[in-house]
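In: whatever this is, show me its structure:
(one chain, ligands or ions: 1)
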Amino acid sequence: MSSRATASLYHMIWAHYRLPFLKVILLNLVNAAVSVGIIAYINHTFISQPVFNTLSWVSLGYFAALVVMLLVTTFVSQYALTRLGHKFVYELRTKLVKQIIDTSVPQIDHLGSARLLASLSSDIQSITVAFVRMPELVQGIILSVGVALYLGWLSLPLLLIVMFWIAMTIWISTILVKHVYAHLTELRDINDLLYQDYESIIEGRKELALNQHRAEKLYKTDFLTHAKSYENTVVKSDTFHLSAVNWSNIMMFAAIGVVFAVSNYLDIPIAVATTFSLTILFVQSPLLHAVGAYPTLQTAQVALDKIQSLALADYQAEFATDVAVKDWQSISLTDIHYRYENNHSDTPVSGTKNTTHANHILKDVNLTLRRGDVVFLIGANGSGKSTLAKIMTGLFTPTTGSVHIDKQLIDSQNNADYRQLFSAIFSDQHLFKQLIGSHGNDPDMTLVNTWLHKLNLQDKVSVTDHRLSTDKLSQGQRKRLAMLISVAEHKDILLLDEWAADQDPAFRRVFYQTLIPELKALGKTLFIISHDDSYFEHADRLLLMKEGKLIELNAEERQRASADAISMLK
Ligand SMILES: Nc1ncnc2c1ncn2[C@@H]1O[C@H](COP(=O)(O)OP(=O)(O)OP(=O)(O)O)[C@@H](O)[C@H]1O
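Out: Got it, this is the predicted structure:
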């Protein structure tokens, strides 16, 4: 493992938890001092006594007191480190979730839920395990240093030889551990692939149930390959880890032989050699646990690197709950171009030259939305309507061009505030069961109950403590429920992306003829993406999106669109 890579985990702990960490180190030092005290006491009182029966009850009493002190200091120091570790993990988890909330929608779309869930579950888990094992590493190191000081005081030459032996042991062990790290990094990448498989299996459950060939292919070709490769890699990783632990374990026993051989050669008293051997046996377990804990720190580092590679937004504690401009009159989109970052197709869009704008989904879009407008946006599939809706709502940032609310430019500083003006219902709407009113207050229940009836949901859904009783509804009913949630939010602008497409003809008529005027009467500005040519007359303005270009239709064109929308879209 590169020391640069590990540095960042330690750096993070040091940067944010310096004081508590120093407290933990201090507690470990006390614990190491008590441990060395016990060894010194055994050496002085038990081993170096000329005759064994000179031992008194008082000496045994002191020894028992030292053992109790060791018990207490070990517990207290480990407890302090464990608490610190879990605090670190809590803060990491809570910050990560807030960062995901604050990260731009295109970046989250790009990462996909599988990668994010892998980080939220397995990366956090890895870091937690590392912290649970960290006391062993810290205590092992501190204890070894404390014990080395005592042994150096007893016999420096013997200590130097023993240290050389242990250093050689650890050096070879580190070479083995490097392989562990390489396999752990590989394992983490395989974990991402496994999460993608889990996602496909859960999200595609209906398609897989209907097509067992696809299920078999997904299971055998993708999932089993990834699961097998995980198994192979984890076995390799564990083998190197076990080899490192066993190598260290056995070489520590061999060190006892070295101690006696060297003592014999250098004429070092047998009592000193015995103390050395006893001490090696005493530190063997903590030292080996420390060596064993090291890979978990490496896994944590891999996890931390993975979290950092998600390129999430910087952490900030606050939520953007202000509104950019309260009494706004217009929103203007000027010279907007938009290109999806992951759309690497070099194929020029038909009829266009391969200029720098060739792959742009939106091309030179200009639009002013006035307060109170009811705007319909029509256009062929894939023409860019939803993309425009996402730019209008501030969910996407235009590749070039600008968005203004009145005279104020929307930029990264005020974009989150600007978005608070909108409620939107997209095709992949997520239904939150908790109703929220304007500015995060409780919803106006009179309004909610009225709209529950208007949306004809009164027999399906009830609202208790501002919570919807269910979201297990048909697709069309779910869209109506989304409308209820939006009405309760009481935002200035409501954006509907083909909302009526899932409604039956009777309710579609209710929507265009009754609900739109009522929403307008509530003071809302409506931006509605629609294919329903028989209702275009209900719009104040009709816009047409054609291959990424936006055109506003005049009276004559609107009549043509209502009569023959298909010819207009072509
Ligand atoms: N996440 C994405 N990554 C890359 N390209 C995308 C992405 N989403 C959409 N596109 C591209 O952008 C184009 C416009 O998509 P958009 O969803 O805006 O169309 P639309 O007019 O709303 O279509 P529809 O009527 O089918 O909903 C599509 O042709 C597609 O090629």
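
In: number of residues surrounding Glu309?
Out: Let me fix one detail, which is that residue 309 is Ser and not Glu. Using other CB atoms under 10 Å, Ser309 has 11 other residues around it. Every C-beta, even on glycine, is put in place using the N, C-alpha and C of the backbone.

In: check contacts around it.
Out: Listed by CB atoms under 8 Å, 6 or more residues apart in numbering, Ser309 has no contact partners.

In: next: Leu266.
Out: Pro157, Leu158.

In: what about it, distance to the ligand?
Out: 74 Å (CB to the nearest ligand atom, to the nearest Å).

In: excluding residues flanking it in the chain, which one is nearest Ala488?
Out: Of all residues not flanking Ala488 in the chain, Pro443 sits nearest, at 4.0 Å (CB to CB, 6 or more residues apart in numbering).

In: how far out from the middle of the chain is stretch 418-430?
Out: Relative to the centre of its chain, stretch 418-430 is centred 23 Å away, using CA atoms, centre = their mean, to the nearest Å.

In: flag every buried residue along it.
Out: Tyr418, Arg419, Gln420, Leu421, Phe422, Ser423, Ala424, Ile425, Phe426, Gln429 (16 or more other CB atoms under 10 Å).

In: per-residue confidence at the last one?
Out: The pLDDT attached to Gln429 in the predicted structure is 87.

In: that one is in contact with Leu481, isn't it?
Out: No. Applying CB atoms under 8 Å, one finds Gln429 not in contact with Leu481, separated by 9.1 Å.

In: roughly how far is stretch 516-534 from the heart of the chain?
Out: Chain-centre distance of stretch 516-534: 38 Å, with CA atoms, centre = their mean.

In: run through who's touching that stretch.
Out: Outside stretch 516-534, the residues within contact range by CB under 8 Å, 6+ apart are 369-378, 385-386, 389, 392, 454, 487, 491-501, 508, 512, 536, 538-539, 561-562, 564-565.

In: which members of the residues you listed additionally contact the ligand?
Out: Checking those against the ligand by CB under 6 Å from any ligand atom, the ones in range are Lys385, Ser386.

In: before we move on, which element is the residue in the stretch 1-150 of the chain that the ligand sits nearest to in?
Out: For the stretch 1-150 of the chain and the ligand, the shortest gap (CB to the nearest ligand atom) falls at Asp109, measuring 5.6 Å. According to DSSP states H and E, Asp109 maps onto helix 105-118.

In: still on that earlier bit, could you pick out the buried ones from the contacts of stretch 516-534?
Out: Those of the contacts of stretch 516-534 that meet the buried threshold are 369, 373-378, 385-386, 389, 392, 454, 487, 491-500, 508, 512, 536, 538-539, 561-562, 565, by 16+ other CB under 10 Å.

In: backbone phi and psi for the closest residue to Ser438 other than its chain neighbours, please?
Out: Leaving aside its sequence neighbours, Ser438 sits nearest to His490 (CB to CB, 6+ apart; 3.6 Å). When read as degrees, to the nearest 10, the backbone of His490 gives phi 60, psi 50.

In: wait, His490 sits on Val448?
Out: No. Counting by CB under 8 Å, Val448 is not a contact partner of His490; they are 10.5 Å apart.

In: how about stretch 466-475: buried residues?
Out: If you call a residue buried by 16+ other CB under 10 Å, then stretch 466-475 has these buried ones: Leu468, Leu473.

In: just to revisit the earlier point, was I right to think the residue nearest to Ala488 contacts Thr450?
Out: No. With contact defined as CB under 8 Å, Pro443 does not count as touching Thr450 (11.7 Å).

In: for those two, indicate the residue with more neighbours.
Out: Using other CB under 10 Å as the criterion, Pro443 and Thr450 rank with Pro443 on top: 20 against 13.

In: so the more buried one, which of the three states?
Out: Assigned by DSSP: H, G, I helix; E, B strand; the rest coil, the conformation of Pro443 is coil.

In: what are the phi and psi values at it?
Out: In terms of degrees, to the nearest 10, the main-chain angles of Pro443 are phi -70, psi 160.

In: what do you get for Ile551?
Out: In terms of degrees, to the nearest 10, the main-chain angles of Ile551 are phi -130, psi 140.

In: and the residue lying closest to it once chain neighbours are set aside, what pLDDT?
Out: Nearest residue to Ile551, sequence neighbours excluded (CB to CB, 6+ apart): Leu544, at 4.8 Å. pLDDT for Leu544: 94.

In: and Leu544, that's in a helix?
Out: No. In this structure, Leu544 is strand, not part of a helix, as judged by three-state DSSP.

In: do you know how far it is from the ligand?
Out: Leu544 is 11 Å from the ligand, by CB to the nearest ligand atom.

In: doesn't Asp540 make contact with Leu553?
Out: No. With contact defined as CB under 8 Å, Leu553 does not reach Asp540; the gap is 12.0 Å.

In: settle it for me: which of the two has more neighbours?
Out: Neighbour totals were compared for Leu553 and Asp540, and Leu553 leads with 20 against 13 (other CB under 10 Å).

In: so where's the stretch 251-400 of the chain uncertain?
Out: For the stretch 251-400 of the chain, the stretches with pLDDT under 70 are 323-324, 342-358.

In: hmm, who's touching the strand or helix carrying Thr368?
Out: Assigned by DSSP H and E, Thr368 belongs to strand 362-370. Strand 362-370 has contacts (CB under 8 Å, 6+ apart) with 329-338, 357, 375, 384, 387-388, 391-392, 398, 401, 493, 525, 527, 543, 547-550, 552.

In: out of the residues you listed, which are buried?
Out: Counted by 16+ other CB under 10 Å, the contacts of strand 362-370 give 331-333, 336-338, 357, 375, 384, 387-388, 391-392, 398, 401, 493, 525, 527, 543, 547-548, 550 as buried.
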